[in-house]
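Enquirer: Make a model of this:
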Amino acid sequence: MGLLAKAKSKSRGNTKDRINTGYISEFLDLALVPNLDAIVEKKVKVITNAGGLDPIGLKNAIIAHLDDRGLRDKLLVAAVSGDDLLAQIGDLKGKNQLDGFDPLSGSDKEEVFKNDKDLLSLNAYLGAEPIAVALHQGADIVVTGRCVDSALVAGPLAFEFGWSFDMSQQSLDRLASASLAGHIVECGSQATGGNYTDWRKSAFSPNGGWSNMGYPILTYKEDNSFEISKPANTGGIVDCQGVCEQMLYEVLDPENYVLPDVVLDLTQVRLRQVGINQVSVSGAKGKPPTAWLKCTAVEQNGYKTSVDFVVCGEEAESKAKALGEAIIERTNSIAAPQSSQATTPITNEDFAIITVGAEHSLGIAAANRPERKEVVLRVAARHKNKPVLDVLAKEVAPFLTNSCPGIFLLMSGRPKVGPNFFASSIMVRKGAVIPRVHMGSGKIYQTIPLLEKGCQSVVAAKGISTSHGVYGSLDLGLPCTKLLDIAFGRSGDKGDTANIAIIARKLEFYPDILKQVTPEVMYSTFRHFIAPGGTVTRFEVPGVNAVNFVLTKCLGGGGLSSLRLDRYSGTCPSQDDLDLLTLSQT
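Expert: Numbers count the residues shown, from 1 in each chain. Next up, the predicted model:
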């Protein structure tokens, strides 16, 4: 959204340049246009959140293309707006309709942005109801802006089955199950063998493996169960393991997965293999939604840059570390005298010296091994003043001749200095958000009131445990086994928070995981990632014999602004806890 906000700001007054708009133009060019004939012939409904910051703009672009193709009378295009709250920021703050986001349903809230003048975008996550309304009005293509990904599935299901969005338990369970279905398929082939712990099964699966991955097919039933499968003659694998991994992807509190339309409880979900590459999912339960919607605020906070060297030979790691430190030191020594104003140096919090290939991300687990003879050095930095980073970019080339032997740049040309975007999550009262449904090319729209009556606050899950920096270790007095041998897992991110799900391969392994893989042990494993004040909290998911760990303040500020290589927690389960943790055999 930060990149879209920047692009949209550039395109003001330039209506002809579709590339510099606030929506994802590739959706029209690469996804919709090549399939239009089939969409018309088979009467396929298309729902997309590619509208980004300008869903009406994408709707109009689609209509213009339909005009060019002579298909205007064949397809009705609708847009859902109302998620963009940037123009209302002053009023929202003045009426105390904003609050901090709590990633743990009962912990400390994240800080609300300080200066709203620096905001590039502020968008609320809308739910499924506006999509269902658009379909009820005859839309063939529905374009949304910011909405929860699962709404792209829950909305069509609510339309197809005629569901209500009231607070009855029947409606809540329906929306919960539909939302879980959407959550599982929202990342495409991550439900069919992508990001799969036992990767060889997927990579070398029949019909081409990774080179021909089949995307998930969702078959929903009126009893609120559903099945995940994939097209015939495609690669990948659909089994309980992969579906379970994806079910817990990017989940914080699994008993209280907060969505606009419902709070989803997936702790008692059951998975069954009902055929080859076919998994049945049931047991999702719904609770009343809260009176708040989550929003993403994006602001520009200075600038950032990075440069990559390849460092070879004896003591490559030591050379890389010395080179990185020298680059930062020289930048600071040159930038201050050149500035007409008092310039602060690049501080320790605003640069990173990373040696790729030296198991940098493994922290203490990588100790006591020989130095690698080939590594990639990344020096990344951010600063509020662009000229400081311009100095760093200019000074990179001289280090090829005035530093260590056995190095070369991994990139061509001078490093680029670009804006440093920062994303934060905040909450807004539902009553302050008014979704709108725009049908066709007309200017008339329908509003969808978001009612707060019947909404409830989240009650934190029972039995959770948290480590606030207390280290723990495993008792290795008995014969041991790798955690990877008895469990599989998946990780995800929510801003500066990560989740790591660990799922027992068999029911009999679950008690050992509960006993030995504690928040303290996980804190010890990941302490090189966790910033001061960060915590590790464990939630239990007994329906699938799993535990879900939530790590706060662990991603360097979150994906947009983080200087880390892995800004999205993609490597956590595979590289650290599953492979390196060893459990006692009891």
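
Enquirer: Going by C-alpha atoms from here, please, whenever you check contacts or count neighbours.
Expert: Noted.

Enquirer: Show the contacting residues for Lys321.
Expert: Ile353, Ile354, Thr355, Leu377 (C-alpha atoms under 8 Å, 6 or more residues apart in numbering).

Enquirer: quick one: the most centrally placed residue in the chain from Val243, how far?
Expert: Nearest residue to the geometric centre of the chain (C-alpha atoms, centre = their mean): Asp493, 5.1 Å. As defined by C-alpha to C-alpha, to the nearest Å, Asp493 lies at a distance of 18 Å from Val243.

Enquirer: What is the end-to-end distance of stretch 453-463?
Expert: 30 Å.

Enquirer: does the residue nearest to the centre of the chain count as helix, strand or coil?
Expert: strand (DSSP: H, G, I helix; E, B strand; the rest coil).

Enquirer: Can you tell me who it pairs with across the strands?
Expert: Beta-bridge pairing for Asp493 (DSSP bridges): Ala498.

Enquirer: gap between it and Val269?
Expert: Counting by C-alpha to C-alpha - Asp493 and Val269 are separated by 22 Å.

Enquirer: go on, Asp198?
Expert: 22 Å.

Enquirer: of these two, who's got more company?
Expert: The neighbour comparison of Asp198 against Val269 (other C-alpha atoms under 10 Å) goes to Val269, with 19 against 15.

Enquirer: residue contacts, that one?
Expert: Contacts of Val269 by C-alpha under 8 Å, 6+ apart are Val281, Ser282, Gly283, Ala284, Gly543, Val544.

Enquirer: Can you flag the buried ones in these?
Expert: Taking 16 or more other C-alpha atoms under 10 Å as the criterion, what is buried in these is Val281, Ser282, Gly283, Ala284, Val544.

Enquirer: what comes up buried for stretch 128-144?
Expert: Across stretch 128-144, burial judged by 16+ other C-alpha under 10 Å covers 128-135, 139-144.

Enquirer: what's in contact with it?
Expert: By C-alpha under 8 Å, 6+ apart, stretch 128-144 touches 43-52, 55-56, 58-59, 75-81, 151-156, 158-159, 165, 261, 435-437, 439, 448.

Enquirer: what does stretch 172-183 give?
Expert: 149-154, 157-158, 163, 165-166, 218, 224-226, 247, 261-265, 282-288.

Enquirer: Any of those buried? List them.
Expert: 149-154, 157-158, 163, 218, 224-226, 247, 261-265, 282-288.

Enquirer: Listing request: residues of the protein with sub-threshold pLDDT.
Expert: Along the chain, segments meeting pLDDT under 70 span 2, 6-20, 106, 114, 338-342, 363-368, 470-478, 573-577, 579-580, 586.

Enquirer: Domain-wise, how is it divided?
Expert: Recorded structural domains for the chain (assignment: automatic domain parsing) are 314-405, 465-584.

Enquirer: how far does the last one sit from the chain's center?
Expert: Pointing back at domain 465-584 there. Offset of domain 465-584 from its chain centre (C-alpha atoms, centre = their mean, to the nearest Å): 18 Å.

Enquirer: Tell me which helix or strand comes right after the longest strand belonging to the chain.
Expert: Counting residues, the longest strand found in the chain (DSSP state E) is strand 292-312. Where DSSP states H and E defines the elements, the next helix or strand beyond strand 292-312 is helix 316-338.

Enquirer: in its sheet, what does the helix or strand following that following helix sit against?
Expert: Per DSSP H and E, the first helix or strand lying C-terminal to helix 316-338 is strand 351-356. As defined by DSSP bridges, the strand partners of strand 351-356 come to strand 374-383 (antiparallel).

Enquirer: Okay, strands next: where are they in the stretch 51-200 of the chain?
Expert: 77-81, 98-100, 119-124, 141-144 (DSSP state E, counting those that start in this stretch).

Enquirer: Asp512: which of these is closest?
Expert: strand 98-100 (36.5 Å; C-alpha to C-alpha).

Enquirer: residues in contact with the closest one?
Expert: Contacts of strand 98-100 (C-alpha under 8 Å, 6+ apart): Leu92, Lys109, Glu110, Glu111, Val112, Ser425, Ile426, Met427, Val428, Arg429.

Enquirer: Using TSV, lay out those residues together with distance to Gly469.
Expert: Output for the contacts of strand 98-100, formatted as TSV (distance: C-alpha to C-alpha, whole Å):
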residue	distance to Gly469
Leu92	36
Lys109	18
Glu110	18
Glu111	21
Val112	24
Ser425	24
Ile426	26
Met427	27
Val428	31
Arg429	33
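
Enquirer: Which among these count as buried?
Expert: By 16+ other C-alpha under 10 Å, these give Leu92, Glu110, Val112, Ser425, Ile426, Met427, Val428, Arg429 as buried.

Enquirer: Taking those together, which two end up most distant?
Expert: Among the buried ones among the contacts of strand 98-100, Leu92 and Glu110 lie farthest apart (C-alpha to C-alpha), at 17.7 Å.
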